[in-house]
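[1] Starting from these lines, generate the structure:
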Amino acid sequence: MMAFSQIDATKPAGTDKKKFGDDVIREFKQQVIDNLKEITNYPASAKPALKTAVWTTATRPTGAELVDRVTGYNTDLSAYEYYDSASATWKTLYSNILPAWNVAGRPTGKPAGYTGYNVELNVIERWNGTAWIRIAGGRRGDIKMWSGSVSDIEVGWVLCDGKTRNHPEGGTFTPPDLRDRFIAGAGGSYAVGATGGEAFHTLTVAEMPNHSHTVTIATSGTSGVDPWVSFKRANLSDGLLPPPTSAFNIYSTGGNQPHENRPPYYALCFLYKL
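    Numbers count the residues shown, from 1 in each chain. Take a look at the predicted model:
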């Protein structure tokens with residue numbers, strides 16, 4: 001068995017400085033295999049802390065074995081973890097198989113950091129020592145748009161229809177009713193939860209632009225009259241036509257119907273996270 005030797009990728013393997021590429025690769029592979037055959041062959045200066053890749057929270061590496069980035073699989077957490085010496089904490093890398101449960105079947109007596117998949121809420125959650133914290137899948141009360149049909153809504157979400165329901169974690173909840181609604185960002189003009197607007201609108205007199213309609217009516221005649229008497233001469237002065245007496249009518253128009261009050265739209269479902 002070869003003694004441990006430090007691998008230097010910048011130098012040719014062995015003593016021959018003119019080895020071909022394939023020879024170098026073969027020697028490199030053999031060197032790696034020999035170095036890993038027996039962990040006790042490592043010199044003290046390069047000896048890794050990890051003697052076993054599997055432990056529980058109670059049997060994590062300690063003492064001389066507890067070095068930066070030491071990595072292994074924690075069976076309590078069902079996850080791979082490593083030690084971060086800068087923060088002096090264990091950090092989870094990933095879990096190869098997530099345990100699953102529903103709200104009623106959440107495990108008890110687990111250490112902080114225990115992680116699993118909640119099939120009822122459709123979330124990945126972690127026990128922090130006092131409560132279950134969602135780390136993926138959405139927070140309670142999140143709202144998203146859904147392009148599918150109402151009958152195909154995924155587990156852990158319900159339609160925003162304003163109906164009161166029982167929540168799997170206890171109590172009741174009522175999602176906002178967003179059917180046939182546009183959404184506006186809450187701010188100075190709109191408070192959270194405010195509603196308003198209308199799909200169609202009929203104008204009132206107060207909403208019409210200021211305008212007027214005029215009709216000019218003469219109050220006296222202005223055309224002269226030149227009277228003529230046959231065969232006899234008489235002194236007659238010019239006269240005026242009498243004031244006009246013609247009547248006129250003013251008619252109203254319009255159907256008093258509401259008009260379209262919406263921009264172009266495309267309808268989607270709004271979903272609420274349990």
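[2] distance between stretch 256-264 and the chain's centre?
    Remark: stretch 256-264 is offset 31 Å from the chain centroid, using Cα atoms, centre = their mean, to the nearest Å.
[3] How about residues contacting that stretch?
    Residues from elsewhere that reach stretch 256-264, judged by Cβ atoms under 8 Å, 6 or more residues apart in numbering: 182, 197-203. Backbone N, C-alpha and C define where each C-beta goes, glycine included.
[4] In CSV, list the C-alpha atoms belonging to stretch 253-269.
    Taking Å, rounded to 0.1, in the frame of the first residue of the first chain, the C-alpha atoms of stretch 253-269 are listed here in CSV:
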residue,chain,number,x,y,z
THR,A,253,-81.8,62.2,-26.7
GLY,A,254,-79.8,59.3,-25.2
GLY,A,255,-80.7,55.9,-23.8
ASN,A,256,-79.6,56.5,-20.2
GLN,A,257,-77.6,53.2,-20.4
PRO,A,258,-74.4,52.4,-18.5
HIS,A,259,-71.1,52.3,-20.4
GLU,A,260,-68.1,49.9,-20.3
ASN,A,261,-65.8,51.1,-17.5
ARG,A,262,-63.0,48.5,-17.7
PRO,A,263,-59.6,48.2,-19.6
PRO,A,264,-59.0,45.1,-21.7
TYR,A,265,-58.7,42.1,-19.3
TYR,A,266,-57.8,38.4,-19.1
ALA,A,267,-59.4,36.4,-16.2
LEU,A,268,-57.3,34.1,-13.9
CYS,A,269,-58.0,32.5,-10.6
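[5] Counting neighbours, which bits of it end up buried?
    Using 16 or more other Cβ atoms under 10 Å as the test for burial, stretch 253-269 gives residue 269.
[6] go on, stretch 57-72?
    Under 16+ other Cβ under 10 Å, the buried positions of stretch 57-72 are 57, 60-61, 70, 72.
[7] Stretch 197-205 now?
    Neighbour-count burial for stretch 197-205, counted by 16+ other Cβ under 10 Å, picks out no residue.
[8] how long is it end to end?
    Criterion Cα to Cα, to the nearest Å; first-to-last residue distance in stretch 197-205 is 19 Å.
[9] Check stretch 252-259 too.
    19 Å.
[10] hmm, back to that, now render the contacts of stretch 256-264 as TSV, adding distance to residue 139 and pLDDT.
    As requested, those are exported to TSV (distance: Cβ to Cβ, whole Å; pLDDT from 0 to 100):
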residue	distance to residue 139	pLDDT
182	24	89
197	28	86
198	33	86
199	32	83
200	37	86
201	38	88
202	42	88
203	44	87
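[11] How about residue 144, nearest residue that isn't a chain neighbour?
    Nearest in space to residue 144, with sequence neighbours left out and distances taken as Cβ to Cβ, 6 or more residues apart in numbering, is residue 271 at 5.4 Å.
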